[in-house]
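Colleague: need a 3D model of the sequence below.
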Amino acid sequence: MKLTSSLSIKPDEIVLPTRLPLSVSTSLGVSPSFQRLHWHRALEINWITKGSGTYVINGQDYPFVEGDLFLIDSHDLHRAYEGTDLEMVIIMFEPVFLGSEYKYDHDILLPFRQMGNPLSNHISHEHPAAEQLGQYVMRMYQEYQGKGRSYASAIRGWLLLFLTEMNRSIHTGQGEQSRAVVKHLEQIRHVVQVMEAKLAYPWTLKELADEAHLSPSRFSALFCQIVGTSPMKYLVQLRIDHAVGLLEQDDLSILEIAEASGFRNLSNFNRLFLGQTGTTPSVLKRRLHGEEVE
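Modeller: Numbers count the residues shown, from 1 in each chain. Now for the predicted structure:
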């Protein structure tokens with residue numbers, strides 16, 4: 001099967017309120033939606049408050065621990081893996097939130113726009129500015145949760161201080177790792193889009209490699225570099241995520257869900273589903289519909 005579409009991966013729809021196009025939240029571990037390769041138009045700041053894991057951003061692996069920070073620009077392809085006991089603060093905001101600052105400071109968003117040259121997505125906890133940056137993130141989180149009078153202005157002020165500190169202190173010349181420039185990034189984007197569009201199709205490695213116009217071995221190596229796992233393992237993950245969504249529907253049997261998600265064998269579906277989610281499709285379906293599970 002050969003598809004001719006050249007579309008890239010569709011962006012995640014991050015819906016932020018018009019009045020305050022920003023959200024500040026905490027995360028325990030990594031949700032399934034963040035384990036898959038994705039991108040969004042909103043800008044993102046992550047502060048690791050506990051534990052460890054790995055980010056894959058535009059093909060570059062970034063192992064992280066407590067105290068590390070990440071900045072993720074619009075269109076950055078990224079996914080995260082949990083190591084142990086991961087907790088983080090996540091800030092998402094639209095550039096328009098700082099729109100009026102452009103009149104006075106054209107460099108305010110350079111920490112996002114110039115990552116890798118001269119800035120990096122990753123700020124290590126060992127960097128002299130990391131502790132101060134983390135405190136700015138914590139103040140934003142506290143204001144957002146408290147929602148006191150003028151809290152939006154307070155968050156905006158702390159965010160401006162955060163970005164100012166980034167502009168002044170965080171440079172690759174101070175030992176931070178530059179973002180990798182991956183020559184074949186668009187080819188891998190296209191293949192992932194094809195996978196998502198045709199999940200039920202029985203893909204072979206060669207067919208996926210043909211979509212990228214690469215040999216299977218070269219394609220596998222590039223895919224692992226950019227996505228962080230093999231093409232076939234990633235395809236299974238996409239299919240399981242799709243199956244979880246279908247389990248919310250009453251009118252579909254487990255067999256129909258397996259077939260719609262690209263699994264030709266029910267026992268294989270059950271085995272892979274259990275390995276990915278820690279439970280079986282039938283048990284999860286009962287939970288999703290409010291039924292008691294022993």
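Colleague: neighbours of Leu246, just the number please.
Modeller: Residues within reach of Leu246, counting by other CB atoms under 10 Å, total 16. Yep, even glycine has a C-beta here, placed from its N, CA and C like the rest.
Colleague: from what I see, it and Ala260 are in contact.
Modeller: Yes. Between Leu246 and Ala260 there is a contact at 6.1 Å, judged by CB atoms under 8 Å.
Colleague: any residues in contact with both of the two?
Modeller: Applying CB atoms under 8 Å, 6 or more residues apart in numbering, one finds that Leu246 and Ala260 are jointly contacted by Leu252.
Colleague: quick one, strands of the chain?
Modeller: Using DSSP state E, the strands of the chain run over residues 22-28, 43-50, 52-57, 60-65, 69-72, 78-82, 87-93, 122-123.
Colleague: between those strands, which gets nearest to Val236?
Modeller: Of all the strands of the chain, strand 78-82 sits nearest to Val236, with 14.7 Å by CB to CB.
Colleague: so what touches that closest one?
Modeller: For strand 78-82, the external contacting residues (CB under 8 Å, 6+ apart) are 29-30, 34-39, 51, 53-58, 72, 227-228.
Colleague: next, the angle strand 43-50 makes with that strand.
Modeller: Interaxial angle, strand 78-82 versus strand 43-50 (axes from the mean of the first three to the mean of the last three CA atoms, to 10 degrees): 10 degrees.
Colleague: got the buried residues for strand 78-82?
Modeller: 78-82 (16 or more other CB atoms under 10 Å).
Colleague: try stretch 28-41
Modeller: Residues 30, 34-40 are the ones in stretch 28-41 that count as buried (16+ other CB under 10 Å).
Colleague: just give me the least confident of these.
Modeller: Note: of these, the lowest pLDDT belongs to Phe34, at 65.
Colleague: can you list the weak-confidence ranges in this protein?
Modeller: Within the chain, the ranges that satisfy pLDDT under 70 run 1-13, 31-34, 99, 102-103, 106, 114-119, 171-183, 225-226, 228, 293-294.
Colleague: residue boundaries of the helices in it?
Modeller: 32-35, 110-113, 130-146, 151-169, 185-197, 205-211, 216-227, 231-246, 254-260, 266-277, 281-288 (DSSP state H).
Colleague: I'd like to know which of those helices is closest to Ser25.
Modeller: Smallest distance to Ser25 across the helices of the chain (CB to CB): 8.2 Å, for helix 130-146.
Colleague: still on that earlier bit, need the helices of the chain in JSON lines (columns: distance to Leu86).
Modeller: Formatted as JSON lines, these follow (distance: least, CB to CB, whole Å):
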{"stretch": "helix 32-35", "distance to Leu86": "11"}
{"stretch": "helix 110-113", "distance to Leu86": "23"}
{"stretch": "helix 130-146", "distance to Leu86": "16"}
{"stretch": "helix 151-169", "distance to Leu86": "22"}
{"stretch": "helix 185-197", "distance to Leu86": "24"}
{"stretch": "helix 205-211", "distance to Leu86": "30"}
{"stretch": "helix 216-227", "distance to Leu86": "20"}
{"stretch": "helix 231-246", "distance to Leu86": "18"}
{"stretch": "helix 254-260", "distance to Leu86": "30"}
{"stretch": "helix 266-277", "distance to Leu86": "18"}
{"stretch": "helix 281-288", "distance to Leu86": "23"}
